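>>> no FASTA, just this:
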Ligand SMILES: Cc1cc2nc3c(=O)[nH]c(=O)nc-3n(C[C@H](O)[C@H](O)[C@H](O)COP(=O)(O)OP(=O)(O)OC[C@H]3O[C@@H](n4cnc5c(N)ncnc54)[C@H](O)[C@@H]3O)c2cc1C
Ligand SMILES: Cc1cc2nc3c(=O)[nH]c(=O)nc-3n(C[C@H](O)[C@H](O)[C@H](O)COP(=O)(O)OP(=O)(O)OC[C@H]3O[C@@H](n4cnc5c(N)ncnc54)[C@H](O)[C@@H]3O)c2cc1C
Ligand SMILES: Cc1cc2nc3c(=O)[nH]c(=O)nc-3n(C[C@H](O)[C@H](O)[C@H](O)COP(=O)(O)O)c2cc1C
Ligand SMILES: Cc1cc2nc3c(=O)[nH]c(=O)nc-3n(C[C@H](O)[C@H](O)[C@H](O)COP(=O)(O)O)c2cc1C
Ligand code: FES
Ligand code: FES
């Protein structure tokens, strides 16, 4: 899909530094898969120069709207956060390989760390359409950071929260919560479970570790610095699995991912 | 005066590409002389990097407002034009040497080419306060470009317009108009006249030429690319008068000017 | 009658003078879903070496003011897989294909050039001489006139294809280097490759690139590229292809006015994949508005007397 | 207890490590109405030559992406008027004053250094060796190790003041140049001076600078400056002063972490004259937040192992 100029339908600040922005794009609405991303330039300015990648948060077919959920961490996201309804942004996408819906395993457990929740509303829709039961475990450091949960709650998934400050849901990390739930067999039979995870690298490594322990498949959504977003610059490499001691081999997050099977890449 | 952050009081588009912006600055309001300029950064962005110089158009003591009149010609002025009321800009000033009010010559003739009208409302105020009679000759290429004239008309100066397309005022350049008026003795006795000119380089050279012919003093406001605006970088040099064949000597527009006596600099 | 954008870079005929730069456009296929690559003036491939190279560990890129650093490490599939897997698609486009080659020894350069010479449908070879020379303490081939001469002469001997030498800006005296590659038989010169740069994450106090330093590209370096292009154009030897920080038609025009016969878009593809095609269209408009019939009337039209 | 920002650049003691760069702060007085110049770590003057120089014809500056080009042409009042007209004010500030010198022959360099040595109240001399050497076809003194050595040795002989050699980035091998100026007796090295660049007005088809090419400065060049600073720091010979594109505290921190003992703000003064003072304040906050007692704990703290 060529890069195109997209009109902003709505833009709201959900919490201190997290925003939800909705823009119109018929091609993305029609073509996107959950877990894919869009490469966005807030403006035609040349500083920052490069587009910024964001997971597709949700799509709204009625208005051909595409949503992203993003956190302000630097100049690119700051400028994006200043865009108003009615203005436009430049969007390239949908890009990359999204989540595969595992039709053999109809109990889907989605694990999110912080803003890693971003791609899940769209994924939940797709999973529910395929008749899966969906459990979402979402973790944050503090209760103040919790954001975007209503969308998940109203999606028909059952939601469990973990906070490290213990002021909402279970106390501790989301991976600790996952472990508890898996151990207790809360989701159902292990042979029915498929894991989908998005969040910081360390969290993904822990989730993958548990997945191996419990012998369930796991898909992880990775992040890496990107330039082109389409596999042309070789910028967004991640080490392929089991390659640490051999001659290294790399995968490209933008083209081979951002969603990988946990066994394809080296997580740490 | 240190650089300071100034609140925008109003910002209006007067015509296709000309804007009038008013910001609050008590120090500039109190300290400025007509013909001085302010060095403005529309934002803390780093592209464009440098501040842009603008003449002080007018000041409004009641609200401590400072106005500039500017034309969009490139990225700096484009970004400035997008600033809204309530936002703020970074301002260094007042800078440079403004117009000297010649108390011996109480008939002031102001000649403006296009956006060169910018510094005149403030100058007219000062001249009128000093009891001068003020004539303004203002020229534009086409009638569509005429902008900012009401302010002059309501200032108590008598105004004469020239357009090159002949669709308003006299037909031709403003220097042709000046010549006609001087020849006809329309302003009064030559020994009473002082000329003040702002506009493109070629226009200033012609005005200076006439001033010599009619033996009247003339002050010209010059433009040159600026970096520091305070005389520190030596970037805004203009050739000093009568130096073309000798070892060159330069004046700095930001420190020695922007207003010069026509005999100080080499105009062409 | 419409304006003529065609140029000749030595024996390479281009329908229009806007190419995409090595390493920024993969093997052509990556952008094929996003723009009509058939309209490009030409495609310069990612640097190809004799054997496949995995490239450097991540992070490989970092953004800098109006620019970016990269330390990809010449990741590529190697010349054999290139010919098998990548070339058929490229050939199908009916666009001049220039293969950029990068090696660590002189004999490897010659070998890769010879292998490529056997292939149909290539328009030329661009030699990336900015790579570290493993035989000489990793110093870049292109930073010394005599090693630059050796590499270009070896490639020249190994192939009948037009040879473009791509120069590095990280040198004291680019003129001597340019002269030596021309003496060695280069048909054209492209410049510039990236400047050496570095960036540090102040929180972790680590370099932002795993490789510590990387190559700076993008609008930030455009003035440097333009100065060097103009310097080499003035030698009046071979055609010059301008590369470095071009993202708009105005940028491209600066290079043509300075005397570049063609240009390459690198980082500009990342900023907006439409960049090269937009420049091609807007060049036509510009020439029409200026009353020029062909781009060649613009090339080298810089006025330098006061 | 408050954090300690003081550093020693060889024998030059600075209360804080933030200086203003030559050519961007005039003779100190120009900015005195706008900021409290007494708070600066030090002031490096505009380059001074033996005789006054008018400088180049205008236009002398042009803006480029995240940077600017200048071709001021070393306009200055000459060493004698400097001492009479400019030095008294500078001396009154109680801030370390470093006089930057730029000449066209080796003997002029020595002469200017000797004249300055007679003055009270100077903290050091910075040698701008990027100037064209009129005795060698206008090649910059600093682009060759042996001419760089000659100039620095001549100045070293002529003065007891600490000598800082300011290097140009427009060279193939900055390490050799650095080693030669250290051998010649430089007490410290500052870098970088500007990169050579050019820009063209596409409407008039003329260079934007009357001088055709000029020096590129500003954030655009920061990655280049940082890479070179890090390279010279690793030699471990003399203290290094980092210059190039610093406009924020984060930028400054990159240079300290890479190992610069002090920094200079150049173009950053034009962007906002408060830049150096703001960085001084924010450095204190940063150190406090990191739990460091002095800037020296930060200097050279780059981690490069994975
Ligand atoms: C496939 C993909 C999907 C993403 N989806 C989302 C999303 O849905 N919502 C969201 O808020 N963010 C998402 N991100 C991260 C987002 O792209 C970065 O936060 C953004 O690019 C930062 O830009 P900036 O200019 O604000 O920050 P910068 O000033 O560029 O950097 C600020 C900090 O953010 C980190 N960072 C910047 N870019 C990346 C990146 N590409 N990957 C990892 N870390 C980075 C840097 O390490 C740096 O410390 C995604 C990233 C990828 C690769
Ligand atoms: C003392 C002084 C007072 C000024 N007062 C006013 C004013 O009251 N109203 C107003 O509209 N403009 C005024 N100008 C001109 C104004 O500063 C420029 O138009 C502005 O800097 C252009 O910035 P830009 O980024 O939009 O354009 P750029 O992209 O930088 O340049 C666009 C074009 O404008 C020309 N230009 C840019 N800067 C200057 C400059 N400093 N001097 C001359 N030409 C320039 C260039 O040649 C270029 O072709 C003044 C300039 C000076 C030096
Ligand atoms: C991510 C990236 C990868 C690159 N890889 C190569 C390469 O493999 N071979 C080469 O000769 N140049 C390579 N370059 C350099 C570009 O071809 C070009 O010379 C340089 O980026 C300057 O142009 P630009 O500013 O338009 O990007 C690469 C540049 C970038 C940004
Ligand atoms: C307008 C201007 C004038 C300069 N004049 C001099 C000079 O006279 N002597 C000198 O050694 N460096 C001079 N420089 C170089 C600066 O001191 C500094 O090395 C360079 O600009 C890089 O730093 P920056 O990016 O912070 O500006 C000048 C730079 C500029 C922008
Ligand atoms: S971002 Fe360019 S290859 Fe992935
Ligand atoms: S703008 Fe710096 S001296 Fe005038």
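On my side now, so go ahead. Please read these numbers as outputs of a predicted model, since none were measured by experiment. Numbering: from 1, shown residues only, chains lettered A, B, ... in the order given. Ligands and ions are numbered 1, 2, ... in the order given.

>>> Retrieve the pLDDT associated with residue 112.
By default, I'm working from chain A. pLDDT recorded at residue A:112 is 96.

>>> wrong chain, I was asking about chain C
pLDDT, read off for residue C:112, is 97.

>>> if I read this right, residue C:146 contacts residue C:180, doesn't it?
Yes: counting by C-beta atoms under 8 Å, residue C:180 is a contact partner of residue C:146 at 7.0 Å. Any C-beta I mention is one placed from the backbone N, CA and C, and that applies to glycine too.

>>> Provide a complete list of residue ranges assigned to helices in chain A.
A:26-31, A:75-81, A:120-129, A:149-153, A:174-184, A:201-214 (DSSP state H).

>>> Those into a markdown table, with extra columns for mean pLDDT?
Shown next, in a markdown table, are the helices of chain A (pLDDT from 0 to 100):
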| stretch | mean pLDDT |
| --- | --- |
| helix A:26-31 | 93 |
| helix A:75-81 | 93 |
| helix A:120-129 | 95 |
| helix A:149-153 | 92 |
| helix A:174-184 | 93 |
| helix A:201-214 | 95 |
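
>>> so of those helices, which one's packed in deepest?
Most buried of these by mean neighbour count (mean count of other C-beta atoms under 10 Å in any protein chain shown) is helix A:120-129; its value is a mean of 21.

>>> Of residue C:146 and residue C:180, which one has the most company?
residue C:180 (20 against 11; other C-beta atoms under 10 Å in any protein chain shown).

>>> Which helix or which strand is home to that one?
Element membership of residue C:180, judged by DSSP states H and E, is helix C:174-183.

>>> and stretch C:40-60, how far apart are its ends?
This stretch, stretch C:40-60, spans 27 Å end to end (C-alpha to C-alpha, to the nearest Å).

>>> Oops, could you answer that again for stretch C:12-21 instead?
From its first residue to its last, stretch C:12-21 covers 16 Å (C-alpha to C-alpha).

>>> hmm, back to that, among the helices of chain A, which comes closest to residue D:162?
Taking C-beta to C-beta, helix A:75-81 is the member of these nearest to residue D:162, at 39.0 Å.

>>> which residues touch the closest one?
With contact meaning C-beta atoms under 8 Å, 6 or more residues apart in numbering or on different chains, helix A:75-81 is reached by A:13, A:19, A:21, A:40, A:42-43, A:45, A:47-48, A:50, A:52, A:70-72, A:89.

>>> Weed out the non-buried ones from those residues.
A:19, A:21, A:40, A:42-43, A:47-48, A:50, A:52, A:70-72, A:89 (16 or more other C-beta atoms under 10 Å in any protein chain shown).

>>> Where does pLDDT dip in the stretch 101-250 of chain A?
A:243-246 (pLDDT under 70).

>>> tell me the pLDDT at residue C:136?
For residue C:136, the pLDDT comes out at 68.

>>> Tell me where the model's unsure across chain C.
Low-confidence segments of chain C (pLDDT under 70): C:1, C:133-138, C:306.

>>> If we use 90, what do you get?
C:1-2, C:104, C:130-142, C:305-306 (pLDDT under 90).

>>> Now do the helices in it.
Secondary structure of chain C (DSSP H): helices at C:78-81, C:87-92, C:106-117, C:145-158, C:174-183, C:222-233, C:249-258, C:267-271, C:275-289.

>>> Show me which positions of the second one end up buried.
For helix C:87-92, the neighbour count (16+ other C-beta under 10 Å) marks C:87, C:90 as buried.

>>> cool, and the longest one?
By 16+ other C-beta under 10 Å, the buried positions in helix C:275-289 come out as C:275-280, C:283-284, C:286-287.

>>> Likewise for the fourth one?
If you call a residue buried by 16+ other C-beta under 10 Å, then helix C:145-158 has these buried ones: C:145, C:147-156, C:158.

>>> what's the answer for the shortest one, then?
Neighbour counts over helix C:78-81 (16+ other C-beta under 10 Å) mark residue C:79 as buried.
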